[in-house]
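Enquirer: Give me the fold of what follows.
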Amino acid sequence: MTARTTRESAQLRERAIALRRAGKSVRQIKQILGPVGNRALHDALRGEPPPEWTRRPNAKDDLRARARELRRQGLDYDEIVGQLGVAKSSVSLWVRDLPRPPGAASDECAKRASERMRRYWSAERPVRAARRAAASAAAAENVGDLTGREILIAGAVAYRCEGARNKPHRRVDRVTFANSDPKLISFFLLFLDTAGIPRSDLAFQLQIHETADVAAAIRFWLGVTAARPDQFRKVSLKQGNPRTTRKNTGNDYHGCLRVDVMRSCELYRKIEGWASAVTAGAEAPGRSGTVAWLLPKNCSRGRI
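Expert: Coordinates of the predicted model:
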């Protein structure tokens with residue numbers, strides 16, 4: 001900036017401020033000074049407050065002051081909105097620089113919010129539970145009774161997910177299935193029945209945390225499996241870690257049951273074949289999006 005330009009800017013600022021202090025508005029100053037750009041004039045007036053008569057009255061000034069007063073009294077946003085009839089966003093803008101209500105008032109706000117959530121979920125949980133139950137019931141109705149073939153297919157897939165399998169570095173060719181879900185254990189036993197495996201060829205082992213009621217868990221699994229007590233091997237106890245907060249506690253915790261099938265090399269190879277057929281069939285051309293191809297048209301209900 002040259003000395004001439006600096007001098008002209010200083011002169012413009014001096015005249016503009018003098019007119020501003022004389023009570024002139026920006027439009028009046030421009031008319032008096034002649035052709036001058038808006039930016040140049042605003043730069044010249046920077047830091048100089050406008051005259052009071054140019055300030056527009058704010059219709060919400062009283063509401064803002066009242067909102068700040070209510071906030072200092074300990075009211076939360078919803079209560080201020082209810083009293084003043086303004087938007088919650090406006091209340092937040094007006095009082096956000098004030099501290100949250102201290103002491104009992106703040107605790108009372110938290111209690112009211114907690115009570116609102118409790119009422120909401122007490123009404124919402126049954127609705128959601130009913131919706132889930134209806135969806136599950138409709139899906140179960142679509143399945144209906146399973147044929148023996150369908151049990152073999154589902155059991156083979158379940159075993160591929162949860163059962164012991166051969167590894168490239170270790171071959172066992174033995175059927176071992178473990179799970180904590182009694183319904184899944186019961187289905188696996190049905191799968192073995194369908195595959196022609198006698199219950200006498202089964203051995204069981206309870207795997208459970210050392211702090212649990214082991215005797216009660218054994219009685220529970222004896223009821224689920226209808227097995228003889230001598231078919232249960234020595235219990236495998238898991239030692240606890242004091243730093244771990246366990247969720248699997250209480251009367252519903254029965255540990256995990258392992259099912260071993262004796263002399264099961266041939267059965268293991270059959271399971272591999274059944275599961276491979278299912279997964280290979282899913283990739284077959286023209287069979288995506290439906291499982292109807294798994295069921296023969298004249299498939300009768302009953303065991304194979």
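Enquirer: how much space between Arg100 and Ala67?
Expert: To Ala67, Arg100 is 15 Å away according to Cβ to Cβ, to the nearest Å. All C-beta spots, glycine's among them, are computed from the backbone N, C-alpha and C.
Enquirer: So those two - more neighbours on which side?
Expert: Between Arg100 and Ala67, counting by other Cβ atoms under 10 Å, Ala67 is the more crowded of the two (25 against 11).
Enquirer: Grab the nearest non-local neighbour of that one.
Expert: Nearest residue to Ala67 in three dimensions, chain neighbours excluded: Trp94, at 4.8 Å (Cβ to Cβ, 6 or more residues apart in numbering).
Enquirer: what comes up buried for the host helix or strand of that neighbour?
Expert: Assigned by DSSP states H and E, Trp94 belongs to helix 88-95. Going by neighbour count (16 or more other Cβ atoms under 10 Å), the buried part of helix 88-95 is Ser90, Val91, Trp94, Val95.
Enquirer: pretty sure the last one contacts Ile80?
Expert: I take that to be Val95. Yes - with contact defined as Cβ atoms under 8 Å, Val95 counts as touching Ile80 (7.5 Å).
Enquirer: pLDDT score for Arg303?
Expert: Looking at Arg303, its pLDDT is 38.
Enquirer: still on that earlier bit, starting at the chain centroid, how far to the helix holding Trp94?
Expert: 30 Å (Cα atoms, centre = their mean, to the nearest Å).
Enquirer: do stretch 230-245 as well
Expert: Taking Cα atoms, centre = their mean, the mean C-alpha location of stretch 230-245 is offset from the chain mean by 31 Å.
Enquirer: Please put the alpha-carbon coordinates of stretch 263-279 into CSV.
Expert: Extracted in CSV, the C-alpha atoms of stretch 263-279 (Å, rounded to 0.1, in the frame of the first residue of the first chain):
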residue,chain,number,x,y,z
ARG,A,263,-16.3,-95.3,16.5
SER,A,264,-17.5,-92.4,14.3
CYS,A,265,-14.9,-92.3,11.5
GLU,A,266,-17.5,-93.4,8.9
LEU,A,267,-20.1,-91.0,10.3
TYR,A,268,-17.6,-88.1,10.1
ARG,A,269,-17.0,-88.8,6.5
LYS,A,270,-20.7,-88.9,5.8
ILE,A,271,-21.1,-85.5,7.5
GLU,A,272,-18.4,-84.1,5.4
GLY,A,273,-20.1,-85.4,2.3
TRP,A,274,-23.6,-84.1,3.3
ALA,A,275,-22.2,-80.6,4.2
SER,A,276,-20.1,-80.4,1.0
ALA,A,277,-23.2,-81.3,-1.1
VAL,A,278,-25.2,-78.5,0.6
THR,A,279,-22.5,-75.9,0.1
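Enquirer: Which parts of it count as buried, going by neighbours?
Expert: Neighbour-count burial for stretch 263-279, counted by 16+ other Cβ under 10 Å, picks out Ser264, Leu267, Tyr268, Lys270, Ile271, Glu272, Trp274, Ala275, Val278.
Enquirer: shared neighbours, Val95 and Ile80?
Expert: Ala67, Arg71 (Cβ atoms under 8 Å, 6 or more residues apart in numbering).
Enquirer: and after the helix holding Trp94, which helix or strand comes next?
Expert: Trace forward from helix 88-95 with DSSP H and E and the next one is helix 103-143.
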